[in-house]
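Colleague: Below is the sequence, then the predicted model.
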Amino acid sequence: MKTITELFDFKGKVIIISGAAGAIGSEASRFLSSLGANVVLSDLNEEKVMKLASDIQSETGYETLGMKTDFTEETQIESLIKATVDKFGKISGVVNNVGWGANTPLWGSDSQKMIDAYKLNTLGAYNLTRFSMPYLKKEDNASVVFSGSMVGNTPSPEFIEYSTAKAGLLNMVRSMAVASGPEVRFNSLIIGTVDNGASSEEAGYTQEMIDNVVKGIVMKRRGVPEDIAYAMAFLLSDAASWITGVELTVNGGGVYKTKMPTS
């Protein structure tokens, strides 16, 4: 039986993280590097992702790679894979974390906006995984983790573009898992409301709305990026070597409403 240290030893593993410059992506990158992984940080924000890669390497001593990547552009994803393999020689795991969705009411979208949401949140994850597969298949306990959302598995007419794309992502991951059998593991996180700083405001939340949500959460707080990073590391680790095709919900227990409401 392995010790806890052995189960979470990432030395020699190469992990690509998309959306690495964001709040969750940056914490996942930092934590995985602290466990010994060589992390490849990819994000559209070149300045931020390059600085983050340099900072993490200085903090942990493990070599990193930072690279600007637009995950709606297939050729840029291919360049990311090539750069990773050229530098490290392999790919052990992938964190498909990139994604975004603003408040858009059910009948307030249009064809192009729906397509754009799908390209960013679903198709980008598909292509990064697809191009990584030849290398993942060569690794022991290769694992791919996807950032899903609670809006993707519950009715969410307030975020119709984002929720539809995330719903498609979940089914895509299940299909990847059953098709890949023992070669590569695929799992999703169902992420609840997380304090991402300014991102919440950009998505249409006011402080009053956030306060009202927190009142109903079982754990009485919003998540922080580290909460999600720890769950990602678990699904990538040897501790999860018999887990594939699942959705791990990380949402502080969810929002509870009494079944006996008062008037």
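Modeller: Done, it's in. These numbers come from a predicted model, not from an experiment.

Colleague: which one is Lys220 nearest to, not counting chain neighbours?
Modeller: Closest residue to Lys220 apart from its sequence neighbours, by CB to CB, 6 or more residues apart in numbering: Val214 at 6.6 Å. C-betas here are computed from N, CA, C, even on glycine.

Colleague: quick one: average pLDDT of the host helix or strand of that neighbour?
Modeller: Val214 belongs to helix 207-216 when assigned by DSSP states H and E. For helix 207-216, the mean per-residue pLDDT is 83.

Colleague: quick one on the thing from earlier: what's near enough to touch the residue nearest to Lys220?
Modeller: Lys220, Arg221, Arg222 (CB atoms under 8 Å, 6 or more residues apart in numbering).

Colleague: Can you lay out those as CSV showing neighbour count, secondary structure and distance to Ile210?
Modeller: What follows is the contacts of Val214, written out as CSV (neighbours: other CB atoms under 10 Å; DSSP: H, G, I helix; E, B strand; the rest coil; distance: CB to CB, whole Å):
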residue, neighbour count, secondary structure, distance to Ile210
Lys220, 10, coil, 13
Arg221, 12, coil, 11
Arg222, 18, coil, 7
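
Colleague: Span of stretch 236-244 from start to end?
Modeller: 10 Å (CA to CA, to the nearest Å).

Colleague: residues near Asp55, how many?
Modeller: The tally of other residues near Asp55 (other CB atoms under 10 Å) stands at 15.

Colleague: what's the pLDDT at it?
Modeller: pLDDT for Asp55: 98.

Colleague: Quick check: it vs Arg221, distance?
Modeller: Distance of Asp55 to Arg221, given as CB to CB, to the nearest Å: 27 Å.

Colleague: can you pull out the helices in the stretch 51-200 of the chain?
Modeller: 74-88, 111-118, 124-136, 160-180, 198-202 (DSSP state H, counting those that start in this stretch).

Colleague: Turn those into CSV, including distance to Gly19 and mean neighbour count.
Modeller: Formatted as CSV, the helices of the stretch 51-200 of the chain follow (distance: least, CB to CB, whole Å; neighbours: other CB atoms under 10 Å):
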stretch, distance to Gly19, mean neighbour count
helix 74-88, 12, 16
helix 111-118, 15, 15
helix 124-136, 9, 20
helix 160-180, 13, 20
helix 198-202, 11, 13
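
Colleague: Of all those, which one is nearest Trp100?
Modeller: With CB to CB as the measure, helix 160-180 is the member of the helices of the stretch 51-200 of the chain nearest Trp100 (7.4 Å).

Colleague: Let me know the angle separating that closest one from helix 124-136.
Modeller: Per axes from the mean of the first three to the mean of the last three CA atoms, to 10 degrees, the angle that helix 160-180 makes with helix 124-136 is 20 degrees.

Colleague: Just the angle for helix 160-180 relative to helix 111-118, thanks.
Modeller: Using the same axes, to 10 degrees: helix 160-180 against helix 111-118 is 40 degrees.

Colleague: and Tyr256, what is it in contact with?
Modeller: With CB under 8 Å, 6+ apart, Tyr256 has these contacts: Gly216, Ile217, Val218.

Colleague: between those, which has the most around it?
Modeller: Going by other CB under 10 Å, Ile217 tops the contacts of Tyr256 with 18 neighbours.

Colleague: For that residue, give the beta-bridge partners.
Modeller: Val255 (DSSP bridges).

Colleague: from the contacts of Val214, which is closest to Lys87?
Modeller: Arg222 (36.3 Å).
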